[in-house]
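1. sequence-free structure coming up:
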């Protein structure tokens with residue numbers, strides 16, 4: 001009987017080039033610098049640790065270039081210039097690493113491959129990694145929430161700091177480094193967001209911006225490439241950073257490279273090792289400072305593309321001709337190739353760093369335990385009375401914050417301005433200056449950086465990292481922060497775990513901001529929300545009154561892996577639904593709030609998103625009934641539920657829901673001689689109604705553009721959202 005077993009395929013199967021062992025290999029690499037049972041090296045000044053850190057950096061460069069070359073596509077250059085810093089972080093045991101640079105994706109994938117995390121998705125060899133790179137169900141071109149071991153997505157620049165700060169706030173004692181490219185420093189708010197966060201949360205310094213200062217952006221020199229080291233240091237200290245640890249490759253150059261930015265891989269072997277030692281010791285210093293209460297930045301300054309196939313912006317992206325057979329790619333790979341024993345050593349250090357593979361250890365691989373909220377203090381308003389939707393929701397927000405001390409409310413333009421001062425009364429604005437008049441306390445739960453990007457970033461980051469939060473804003477200004485919510489929402493759709501939904505609520509809609517003019521009348525963002533409904537996990541909610549907004553908030557807060565966006569007014573408005581009716585409508589998507597008992601000239605159905613806009617709708621109802629029409633008014637509170645299942649990618653997302661309204665129920669609501677889709681904002685949220693209705697006649701009454709007016713009625717008139725126009729259209733369409 002043959003008992004021999006097949007030899008396992010080595011993980012490095014598929015690597016095309018190997019080299020001889022480096023000088024002094026046995027002296028410095030006979031055993032892993034991260035010892036068995038340890039999660040980091042013991043001494044950053046140890047020459048063997050620096051030697052193995054340099055091996056790790058070259059392994060990352062090699063793998064990044066070969067994987068990109070396998071598809072003639074991808075971005076190796078930016079990560080190549082950061083590889084030394086990334087390797088130092090890993091050797092020091094800091095593996096909760098975030099990036100704002102989506103173009104660094106192949107380097108991050110290489111790290112996850114080397115620590116075995118990618119085995120969770122069936123990638124065990126370099127050959128398999130190349131086959132799955134930039135392919136569907138594989139390793140997409142930019143980081144996402146789907147890749148095992150990676151903490152956060154990366155694509156749009158200027159977002160990484162938000163994830164790092166959220167991680168730091170939720171996990172004291174754990175370091176959250178994030179890499180930032182000098183090309184990306186041109187994005188607004190990056191440093192100011194960190195400055196405000198540090199003012200509000202001075203004890204949460206355990207995030208570490210790691211600037212990859214390589215002189216270039218995507219296609220040209222970066223705009224900060226002409227700064228001196230002193231000017232760059234001053235730029236960071238001017239934004240509140242107490243320590244800036246800068247390691248400049250130029251200081252180690254012994255081959256007389258031209259320019260301020262040099263390639264460390266061209267140094268003599270001893271100077272390469274000296275550079276790696278400086279990076280390792282500098283990173284250790286920066287990490288310890290950050291972990292012990294000092295706001296710190298680490299900067300690695302060396303030429304973009306260091307160690308791969310090209311340098312400068314020419315190293316940024318591969319094109320179809322940049323294949324593994326191309327001479328310059330082959331030459332780059334051969335320069336970085338290491339011996340097979342070194343690959344084994346690099347993997348051993350990677351697997352031990354941080355206590356194990358990232359997929360088993362980083363914070364976003366675990367569901368965060370959250371306090372029970374209990375029964376929220378709902379207020380049941382009587383139909384016909386008036387109440388302010390935003391103020392009513394504020395009561396529940398305060399209750400959630402009291403039940404969950406980790407709950408954070410973010411707002412740039414002020415809760416008082418949105419009739420939600422009651423939130424500040426209960427949860428307090430987080431501010432170092434104590435002032436009862438303004439509800440300010442150093443430990444408040446309301447974060448107000450006067451910057452929508454920072455508001456959206458912290459709220460979205462907290463939700464992604466497992467905590468409850470809500471971003472409150474004016475609808476008109478929300479566009480300044482929405483891109484990160486889109487990013488987080490897409491990531492949540494792909495996660496392999498559940499996490500609280502990212503919840504937002506936007507007030508001061510177009511119809512309420514007459515005297516401020518069009519600057520405060522920008523509901524077009526609702527088209528953005530509407531387009532995202534087809535993702536499968538995005539739900540714009542349009543509560544029609546103060547009862548419905550309580551239900552909407554409860555519905556959103558207790559959901560997972562979704563983007564829940566509530567749009568409501570801050571004015572006293574009539575109540576149309578009971579709480580129970582609102583709960584039913586929120587689950588189904590819509591409900592009838594009024595229906596005529598008679599009428600012989602035809603049936604008109606109003607399908608409405610909004611709350612204040614119901615005022616002219618009910619006025620039109622009175623006129624149409626007087627003319628002999630039967631009228632039904634349907635509040636569309638959750639339009640996502642009104643799509644057909646085939647319209648939405650619900651089956652492709654985490655916690656996806658196939659809870660769309662049945663045809664029978666839909667037809668009962670919307671069958672008519674005329675369907676008028678009415679919105680105080682744009683028409684896109686009503687698309688599912690317009691798609692499915694069987695009404696032989698249909699039309700839309702909605703927002704056109706802003707103007708300065710004295711009253712909501714005037715701005716509605718300017719946009720043609722009036723009872724008179726609705727009646728004229730009804731008569732023309734039914735009789736015509």
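-> Received the coordinates, thanks. Owing to the predicted nature of the structure, the values given are computational and were not obtained by experimental measurement.
2. Now do stretch 121-141: everything it contacts.
-> 9-15, 63, 66-68, 70-71, 73-74, 102, 105-106, 109, 113, 118, 146-148 (C-beta atoms under 8 Å, 6 or more residues apart in numbering). Any C-beta I mention is one placed from the backbone N, CA and C, and that applies to glycine too.
3. Quick check: next helix or strand after the helix or strand encompassing residue 193?
-> Assessed by DSSP states H and E, residue 193 sits inside helix 190-200. Going down the chain from helix 190-200, the next helix or strand is strand 207-213, by DSSP H and E.
4. Which residues belonging to the helix holding residue 193 are considered buried?
-> Across helix 190-200, burial judged by 16 or more other C-beta atoms under 10 Å covers 190-198, 200.
5. Which one of these is nearest to residue 170?
-> Lowest distance from residue 170 to these (C-beta to C-beta) belongs to residue 197, with 13.0 Å.
6. That closest one and residue 92, how far apart?
-> For residue 197, the distance to residue 92 (C-beta to C-beta, to the nearest Å) stands at 24 Å.
7. Residue 259 too?
-> Residue 259 is 30 Å from residue 92, by C-beta to C-beta.
8. what about these two, which has more around it?
-> residue 92 (25 against 10; other C-beta atoms under 10 Å).
9. Pretty sure that one sits against residue 283.
-> Yes - with contact defined as C-beta atoms under 8 Å, residue 92 reaches residue 283; the gap is 6.2 Å.
10. what is in contact with the two at once?
-> Joint contacts of residue 92 and residue 283 (C-beta under 8 Å, 6+ apart) are residue 44.
11. Tell me where the model's unsure across this structure.
-> By pLDDT under 70, the low-scoring segments of the chain are 1-6, 188, 508, 736.
12. how does it look with 50?
-> 1 (pLDDT under 50).
13. so how far is the lengthiest helix in it off the chain centroid?
-> The longest helix of the chain (DSSP state H) is helix 47-71. Distance of helix 47-71 from the chain centroid (C-alpha atoms, centre = their mean, to the nearest Å) equals 29 Å.
14. quick one: contacts for the residue lying closest to residue 638 once chain neighbours are set aside?
-> Once flanking residues are discounted, residue 638 sits nearest to residue 589: 4.7 Å by C-beta to C-beta, 6 or more residues apart in numbering. The contact partners of residue 589, by C-beta under 8 Å, 6+ apart, come to 636-642, 660-661.
15. By neighbour count, which of the residues you listed wins?
-> residue 637 (33 neighbours).
16. For that one, list the residues it contacts.
-> Residues near residue 637 by C-beta under 8 Å, 6+ apart: 541-544, 548, 552, 582, 585-586, 589-591, 609.
17. Okay, and which of those map to strands?
-> 541, 590-591, 609 (DSSP state E).
18. before we move on, back to that, give me the subset of the contacts of residue 589 lying in strands.
-> Per DSSP E, those map to strands at residue 636.
19. from the contacts of residue 589, which single one is nearest residue 86?
-> For those, the nearest to residue 86 is residue 640 (40.0 Å; C-beta to C-beta).
20. What subset of the contacts of stretch 121-141 is buried?
-> By the neighbour-count criterion of 16+ other C-beta under 10 Å, those include these buried positions: 11-12, 14-15, 63, 66-68, 70-71, 73-74, 102, 105-106, 109, 113, 118, 146-148.
21. quick one, strands of the stretch 51-200 of the chain?
-> 98-99, 176-181 (DSSP state E, counting those that start in this stretch).
22. so what does the first one touch, helix or strand wise?
-> The helices and strands touching strand 98-99, judged by 3 or more C-beta pairs under 8 Å, 6 or more residues apart in numbering; DSSP states H and E, are helix 160-170, strand 176-181.
23. Would you mind saying which of these lies nearest residue 394?
-> Once those are compared by C-beta to C-beta, helix 160-170 is nearest, at 23.3 Å.
24. looking at the strands of the stretch 51-200 of the chain, which is buried most?
-> Of all the strands of the stretch 51-200 of the chain, strand 98-99 carries the top mean neighbour count, a mean of 32, counting by mean count of other C-beta atoms under 10 Å.
25. What are the contacting residues of it?
-> 108, 143, 151-152, 154, 160, 163-164, 167, 176-180.
26. Likewise for stretch 42-50?
-> 27-29, 33, 35, 41, 91-92, 273, 276-277, 280-281, 283-284.
27. same deal with stretch 441-449?
-> Against stretch 441-449 from outside (C-beta under 8 Å, 6+ apart): 193, 196-197, 200, 401, 405, 407-412, 414-415, 423-424, 427-432, 434, 439, 455, 458.
28. what comes up buried for that stretch?
-> Buried positions in stretch 441-449, judged by neighbour count with 16+ other C-beta under 10 Å: 441, 444-449.
29. Run through the helices of the stretch 601-736 of the chain in chain order.
-> With DSSP state H, counting those that start in this stretch as the criterion, the stretch 601-736 of the chain has helices at 614-626, 663-670, 687-692, 712-718, 723-735.
30. Could I get those helices in JSON lines, plus columns for mean neighbour count and distance to residue 397?
-> Putting the helices of the stretch 601-736 of the chain into JSON lines (neighbours: other C-beta atoms under 10 Å; distance: least, C-beta to C-beta, whole Å) gives the following:
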{"stretch": "helix 614-626", "mean neighbour count": "19", "distance to residue 397": "24"}
{"stretch": "helix 663-670", "mean neighbour count": "16", "distance to residue 397": "31"}
{"stretch": "helix 687-692", "mean neighbour count": "20", "distance to residue 397": "29"}
{"stretch": "helix 712-718", "mean neighbour count": "19", "distance to residue 397": "25"}
{"stretch": "helix 723-735", "mean neighbour count": "17", "distance to residue 397": "34"}
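31. among these, which is nearest residue 480?
-> Using C-beta to C-beta, those put helix 712-718 closest to residue 480, at 22.3 Å.
32. And the contacts of that closest one?
-> Contacts for helix 712-718 (C-beta under 8 Å, 6+ apart): 510-512, 514, 521, 571, 612-613, 615-616, 680, 704, 706-707, 709, 722.
33. can I see the domain layout of the protein?
-> 25-30+41-364, 386-735 (automatic domain parsing).
34. Minimum distance to residue 370: which of these has it?
-> Once the domains of the chain are compared by C-beta to C-beta, domain 386-735 is nearest, at 6.5 Å.
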